[in-house]
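Chemist: Sequence unavailable; structure follows:
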């Protein structure tokens, strides 16, 4: 077994351990004993040159390590003593305010606490990251919904209490990380400039496409994109970054491949800044950077170790994202689907020589949908029947929209570019509306955990079958 394959199995074992610990509570004492005993057994096996079984022991050690890491991430609720009571707490706005249509959500870090409170308040006051505030209200514990572990989701973000509509007094500003505050101010200024040059509702959609800011999008527009399977274009993901990389690839004709690579890296960093450098943005940037390296080195098949290393680092830093962050799960699975699925499907469709751009969109979309569909059905119980068609009629226009959208903030020419962006955004909204107006555009289809596992097992078996067919195609090509 090669070193890269060994690394892949080690990381998979660690991730499997984290996932297992989310299902079964195992005392740390048993985990310590298991690691010690298995390490001793591995040493004996390697001494007697039983390397295969020794490696299995190492994988088991990493599985136990994953279980230990998730166990260590669970901490006591620091607000346990004040839950259910009215309190006056002084603290800081710790994240960018989440502004909705009729309210805003503030992540507050009280002084002398290591955990956060999620505060729901009106739009009457304007808050910003780094504000020092006094909160006067009832401190409550989060409750789970019937089909959603809301408490676990909040704890993943280090939020352990809620406060609904408290009185809030701003004492002063600029009290947290000034670099992060500056980045968020750039994002805010960018958003305001876009809204000046592009009319609503197109401006809300454009900000969703450019920087994942969906606050200006109406709930009906958001639902429409979900029904069409187009949510990924209004959420910061590796897709946005892949468009940037793809657009800049043409610069290689003029400035060379090496310079284009570094230009792409710089643009990814600028994109991270414009989107506020949140965890999801950083994740997308890392995955986009890995794709950039893979495409430029011609080693798309060798991306798996780097992709898994990224997942390992992120899960080790916050193991709760593997279980409670659906965005992480979907982003990772979609990337895996594209990395493994597209090369196989591309080889099996060599006969498709016309309209290669459409072929690339279709294969990429289809691979991502297949890789994420079981999870979407399990988590949300919704199946978009028109997803592939919607992506085919919308995605070709997204790169152009992103290009002119970014240019809409430039001096003098901004309004003109904003007008062009608005025209194409109207088309995207119209086309999506027509497709989702069909009676069976989206189906409700909730699946059980067992069906979820069986579906991914089926996807894996089909992938192995198709991969075997590619070998026969390659053999025939060598004969001819």
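Modeler: Happy to help now that I have it. Just so you know, these numbers come straight off a predicted model, no measurement behind them.
Chemist: going forward, measure contacts between C-alpha atoms and count neighbours the same way
Modeler: Fine.
Chemist: Tell me where the protein has strands.
Modeler: For the chain, the strands defined by DSSP state E cover 85-93, 98-99, 104-110, 116-121, 132-139, 159-164, 167-172, 382-384, 442-444.
Chemist: Mind putting these into CSV with distance to residue 391 and mean neighbour count?
Modeler: Below are those laid out as CSV (distance: least, CA to CA, whole Å; neighbours: other CA atoms under 10 Å):
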stretch, distance to residue 391, mean neighbour count
strand 85-93, 38, 19
strand 98-99, 28, 16
strand 104-110, 32, 23
strand 116-121, 35, 22
strand 132-139, 44, 21
strand 159-164, 36, 22
strand 167-172, 44, 14
strand 382-384, 11, 21
strand 442-444, 14, 15
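Chemist: Of all those, which one is nearest residue 145?
Modeler: Closest of the strands of the chain to residue 145 is strand 159-164, at 15.0 Å (criterion: CA to CA).
Chemist: which helices and strands does the closest one pack with?
Modeler: strand 116-121, strand 132-139 (3 or more CA pairs under 8 Å, 6 or more residues apart in numbering; DSSP states H and E).
Chemist: Taking strand 132-139 as reference, get the angle to it.
Modeler: Strand 159-164 and strand 132-139 meet at an angle of 80 degrees, taking axes from the mean of the first three to the mean of the last three CA atoms, to 10 degrees as the criterion.
Chemist: Could you pull up the residues touching residue 28?
Modeler: By CA atoms under 8 Å, 6 or more residues apart in numbering, the contact set of residue 28 is 68, 71.
Chemist: What pLDDT is listed against it?
Modeler: Here the pLDDT value assigned to residue 28 is 84.
Chemist: ok, now residue 226?
Modeler: 82.
Chemist: so who does it touch?
Modeler: residue 384.
Chemist: same deal with the one 5 residues further on?
Modeler: Residue 231 makes contacts with 222, 225, as judged by CA under 8 Å, 6+ apart.
Chemist: distance of it from residue 190?
Modeler: 22 Å (CA to CA, to the nearest Å).
Chemist: low-confidence ranges in the stretch 201-350 of the chain?
Modeler: Applying pLDDT under 70 to the stretch 201-350 of the chain flags the ranges 214-216, 235-257, 276-280, 283-284, 287, 291, 294-303.
Chemist: what about 90?
Modeler: Applying pLDDT under 90 to the stretch 201-350 of the chain flags the ranges 201-315, 317-318, 320-350.
Chemist: And the helices in it?
Modeler: 202-211, 219-227, 238-248, 252-255, 257-274, 279-297, 303-317, 321-324, 326-348 (DSSP state H, counting those that start in this stretch).
Chemist: which one of those lies closest to residue 14?
Modeler: Closest among the helices of the stretch 201-350 of the chain, using CA to CA: helix 303-317, at 7.8 Å.
Chemist: tell me which residues of that closest one are tucked away?
Modeler: 303-312, 314-316 (16 or more other CA atoms under 10 Å).
Chemist: Run a quick neighbour tally on residue 380.
Modeler: When neighbours are counted by other CA atoms under 10 Å, residue 380 registers 15.
Chemist: Report the contact partners of it.
Modeler: Shown in contact with residue 380 (CA under 8 Å, 6+ apart): residue 446.
Chemist: measure it to residue 374 for me?
Modeler: For residue 380, the distance to residue 374 - CA to CA - is 10 Å.
Chemist: Tell me the buried residues in the longest helix belonging to the chain?
Modeler: Counting by DSSP state H, the longest helix found in the chain is helix 449-479. Residues of helix 449-479 classed as buried: 452, 455, 456, 463, 466, 467, 470 (neighbour count, 16+ other CA under 10 Å).
Chemist: and the angle for it with helix 326-348?
Modeler: Using the same axes, to 10 degrees: helix 449-479 against helix 326-348 is 30 degrees.
Chemist: quick check: mean pLDDT across helix 449-479?
Modeler: 81.
Chemist: Tell me which other helices or strands that helix touches.
Modeler: helix 326-348, helix 356-380.
Chemist: and the ones you listed as TSV, adding distance to residue 12?
Modeler: Shown next, in TSV, are the helices and strands packed on helix 449-479 (distance: least, CA to CA, whole Å):
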stretch	distance to residue 12
helix 326-348	13
helix 356-380	17
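Chemist: Which among the ones you listed is found nearest to residue 282?
Modeler: Taking CA to CA as the criterion, residue 282 comes closest to helix 326-348 out of the helices and strands packed on helix 449-479, the separation being 11.1 Å.
Chemist: Spatially nearest residue to residue 71, not counting backbone neighbours?
Modeler: Excluding its sequence neighbours, the residue lying closest to residue 71 (CA to CA, 6 or more residues apart in numbering) is residue 21, at 7.1 Å.
Chemist: For residue 177, grab phi and psi.
Modeler: Main-chain torsions, residue 177, degrees, to the nearest 10: phi -60, psi 110.
Chemist: What's the separation between it and residue 95?
Modeler: Taking CA to CA, one finds residue 177 at 10 Å from residue 95.
Chemist: the more surrounded of the two?
Modeler: Using other CA under 10 Å, the more surrounded residue of residue 177 and residue 95 is residue 95, with 21 against 11.
Chemist: Now do the same for the more buried one: its pLDDT.
Modeler: For residue 95, the predicted pLDDT is 87.
Chemist: From residue 128, how far off is it?
Modeler: Relative to residue 128, and taking CA to CA, residue 95 is found at 8 Å.
Chemist: Same check on residue 401?
Modeler: 29 Å.
Chemist: quick one, what contacts the residue nearest to residue 71?
Modeler: 66, 67, 68, 70, 71.
Chemist: mind listing what the third one touches?
Modeler: What it means is residue 68. The contact partners of residue 68, by CA under 8 Å, 6+ apart, come to 18, 21, 28, 31.
Chemist: Most widely separated two among these?
Modeler: Among those, 18 and 28 lie farthest apart (CA to CA), at 13.3 Å.
Chemist: What is the nearest of the contacts of residue 68 to residue 407?
Modeler: Nearest to residue 407 among these, with distances taken as CA to CA, is residue 18, at 43.7 Å.
Chemist: Contacts only, for the closest one.
Modeler: 63, 66, 67, 68, 69, 70, 319, 322.
Chemist: and if you look at residue 34?
Modeler: Here residue 34 is in contact with 61, 64 (CA under 8 Å, 6+ apart).
Chemist: Likewise for the one 4 residues further on?
Modeler: With CA under 8 Å, 6+ apart as the criterion, the residues that contact residue 38 are 57, 58, 60, 61.
Chemist: Burial check on the third one, number of neighbours?
Modeler: Think residue 60. 22.
Chemist: Wait, it touches residue 13, no?
Modeler: Yes. Residue 60 lies in contact with residue 13 (CA atoms under 8 Å); the separation is 6.8 Å.
Chemist: Any idea how many residues pack against residue 325?
Modeler: Residue 325 - counted by other CA under 10 Å - has 17 other residues nearby.
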